[in-house]
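K.L.:
what's the 3D shape of this:
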Amino acid sequence: MSEIVVFITASKEQEAATIAHALVEARLAGCVNIVKNIRSIYSWEGKIEDEKEVLMIAKTKKKLFKPLEKKVKELHSYTVPEIIAMPVTEGSADYLKWLKNVTG
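P.N.:
Presented below is the predicted three-dimensional model:
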């Protein structure tokens with residue numbers, strides 16, 4: 001399968017919405033879900049951080065990962081934003097057909 005799910009975190013819902021709209025408008029993702037109120041604990045510059053964030057879940061194709069990554073970095077406020085992809089191993093045929101039609 002050539003479909004992937006991309007996880008992207010942001011500090012604010014508005015920033016996530018801006019990024020999500022840009023990805024869908026550019027046909028780099030068919031859909032982006034925004035999950036509010038996640039808690040992220042991570043190491044940054046030698047310190048353990050504990051922050052509230054929002055999570056974007058973008059559905060797209062593997063061949064679109066690099067342009068999606070570039071667009072996210074253009075719009076994101078983080079120095080090193082989380083942008084990680086996971087392969088889709090199974091999915092509804094109707095949904096995957098729709099995803100293929102709405103992405104570049």
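K.L.:
Next, Pro67: secondary structure please.
P.N.:
When classified by DSSP: H, G, I helix; E, B strand; the rest coil, Pro67 comes out as helix.
K.L.:
Just to check, it is in contact with Ala29?
P.N.:
No - taking contacts as CB atoms under 8 Å, Pro67 lies outside contact range of Ala29: 10.4 Å. All C-beta atoms are positioned from the backbone trio N, CA, C, and that covers glycine.
K.L.:
neighbour-wise, which of these two wins?
P.N.:
Shown here are Pro67 and Ala29; by other CB atoms under 10 Å, Ala29 has more neighbours (30 against 15).
K.L.:
For that one, what are phi and psi?
P.N.:
In terms of degrees, to the nearest 10, the main-chain angles of Ala29 are phi -150, psi 150.
K.L.:
can you check Glu45 too?
P.N.:
Backbone torsions of Glu45, given as degrees, to the nearest 10, read phi 50, psi 50.
K.L.:
Repeat that for Ala26.
P.N.:
phi -80, psi 0.
K.L.:
For it, give its distance to Lys71.
P.N.:
Ala26 sits 6 Å away from Lys71, going by CB to CB, to the nearest Å.
K.L.:
now swap in Ile38 and tell me
P.N.:
With CB to CB as the criterion, Ile38 and Lys71 are 22 Å apart.
K.L.:
Which one's more surrounded, these two?
P.N.:
Neighbour totals were compared for Ile38 and Lys71, and Lys71 leads with 18 against 11 (other CB under 10 Å).
K.L.:
residues contacting that one?
P.N.:
Shown in contact with Lys71 (CB atoms under 8 Å, 6 or more residues apart in numbering): Ile19, Ala22, Leu23, Ala26, Leu28.
K.L.:
Drop the exposed ones from these and show what's left.
P.N.:
For these, a burial check counting by 16 or more other CB atoms under 10 Å picks out Ile19, Ala22, Leu23, Leu28.
K.L.:
so the second one makes contact with Lys73?
P.N.:
No - between Ala22 and Lys73 no contact is recorded; they are 11.6 Å apart, counting by CB under 8 Å.
K.L.:
Give me the pLDDT value at Thr89.
P.N.:
You'll see Thr89 listed with a pLDDT of 96.
K.L.:
In contact with the residue nearest to it when sequence neighbours are not counted, which residues?
P.N.:
Nearest residue to Thr89, sequence neighbours excluded (CB to CB, 6 or more residues apart in numbering): Met1, at 6.6 Å. By CB under 8 Å, 6+ apart, the residues touching Met1 are Pro87, Val88, Thr89, Glu90, Gly91, Leu96.
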